[in-house]
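In: structure, please.
(one chain, ligands or ions: 1)
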Amino acid sequence: MSVLVVTGGSRGIGAAVCRRAPHDVVVNYAGDAAAAESVVAEVRASGRRAIAVRADVSVESEVDDLFAAAAELGPVTALVANAGVTGEVRGRVDEVPAEAMRRVLEVNVLGVFHCLRAAVRRMSTRHGGAGGAIVAVSSTAAKRGSPGEWAHYAASKAAVETLAYGLALEVAAEGVRVNTIAPGVVRTELHAAAGDPGRPDRLGAVIPIGRAGEPEEIADGILWLLGPQASFVTGAVLPVSGGF
Ligand code: NAP
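Out: Model prediction:
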């Protein structure tokens with residue numbers, strides 16, 4: 001079975017990917033080992049192999065260690081660069097502390113950069129790899145700008161889309177497809193972490209489809225992009241957002 005690394009695989013969207021993927025999985029997490037081990041147990045119960053690996057994706061050496069640990073399951077052929085944070089603040093740009101912006105850029109941009117680069121160094125035929133597929137997780141915030149909420153976070157997600165697009169073109173002829181998924185509002189703990197647990201329910205009224213999304217609905221889009229049915233898809237951004 002091919003090996004999939006999911007950053008931030010212990011909760012929310014990443015955990016749904018781990019549960020539903022047709023791969024052996026590396027469940028990466030930053031701090032909550034119990035949540036990661038619980039996802040590992042569910043994956044193993046479904047007959048697949050899984051390991052939990054702690055690594056802060058913003059730290060280059062920890063991402064190197066993550067991919068080294070993943071190799072214990074076999075060659076990595078798939079990556080979901082999912083770990084992301086809001087800086088745990090909401091507000092206008094003129095209210096956001098620079099430290100929150102710095103952390104968002106470290107995790108959401110530098111972290112994705114570290115992971116995409118580590119994966120390509122293993123998957124690309126240019127580096128002796130057998131190919132693979134990568135999905136980066138951005139947000140429809142990248143297009144909406146998210147005024148009054150988290151423009152700082154939205155900007156980081158626009159960077160993710162551009163980085164993934166450029167990389168996709170670089171490695172398209174090297175056996176590696178790179179795509180981005182842009183979720184809308186999804187029912188996870190991310191909103192509570194930013195101080196607004198009621199956000200998914202509240203925004204249901206303005207989301208054209210009439211509700212927030214569930215993590216599994218995003219995971220299915222990610223798994224389509226990773227899988228053989230998307231064999232001619234690279235450099236794409238797929239919104240999974242109920243029209244929001
Ligand atoms: P979540 O429920 O808050 O889970 C975040 C996950 O990322 C956890 O597994 C967490 O692990 C991990 N993580 C956080 N910082 C990390 C770091 N520095 N290194 C490694 N792992 C780290 O988030 P989510 O809502 O599922 O979001 C997943 C992705 O979708 C993010 O990129 C987010 O921006 C994006 N997204 C979410 C929504 C939404 O409405 N929920 C909408 C659009 C886009 P620990 O628990 O161990 O810290």
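In: and stretch 227-237, end to end?
Out: End-to-end distance of stretch 227-237 (CA to CA, to the nearest Å): 15 Å.
In: same question for stretch 81-94.
Out: So stretch 81-94: terminal residues 29 Å apart, CA to CA.
In: give the helix, strand or coil label for the nearest residue to Lys143 once chain neighbours are set aside.
Out: Closest residue to Lys143 apart from its sequence neighbours, by CB to CB, 6 or more residues apart in numbering: Ala182 at 7.5 Å. From N, CA and C alone the C-beta is placed, and that goes for glycine too. Assigned with DSSP: H, G, I helix; E, B strand; the rest coil, Ala182 falls in the strand class.
In: so in terms of bridging, what pairs with Ala182?
Out: Pro239 (DSSP bridges).
In: what separation do you get for it and the ligand?
Out: Per CB to the nearest ligand atom, to the nearest Å, Ala182 is found 7 Å from the ligand.
In: what's the neighbour count on that residue?
Out: Other residues near Ala182 come to 23 when the count uses other CB atoms under 10 Å.
In: pretty sure it contacts Ser139?
Out: Yes - counting by CB atoms under 8 Å, Ala182 does reach Ser139; the two are 5.8 Å apart.
In: check contacts around Phe82.
Out: Phe isn't right for residue 82; it's Asn. For Asn82, the contact set (CB atoms under 8 Å, 6 or more residues apart in numbering) comprises 6-9, 13-14, 17, 137, 222.
In: any residue of stretch 115-132 touching the ligand?
Out: No - residues of stretch 115-132 contacting the ligand under CB under 6 Å from any ligand atom: none, with a closest distance of 9.2 Å.
In: just to revisit the earlier point, return every residue with contacts to both of Ala182 and Ser139.
Out: With CB under 8 Å, 6+ apart as the test, Ala182 and Ser139 both reach Lys157.
In: can you pull the contacts of Ala69?
Out: Each residue near Ala69 by CB under 8 Å, 6+ apart is listed here: 26, 51, 53.
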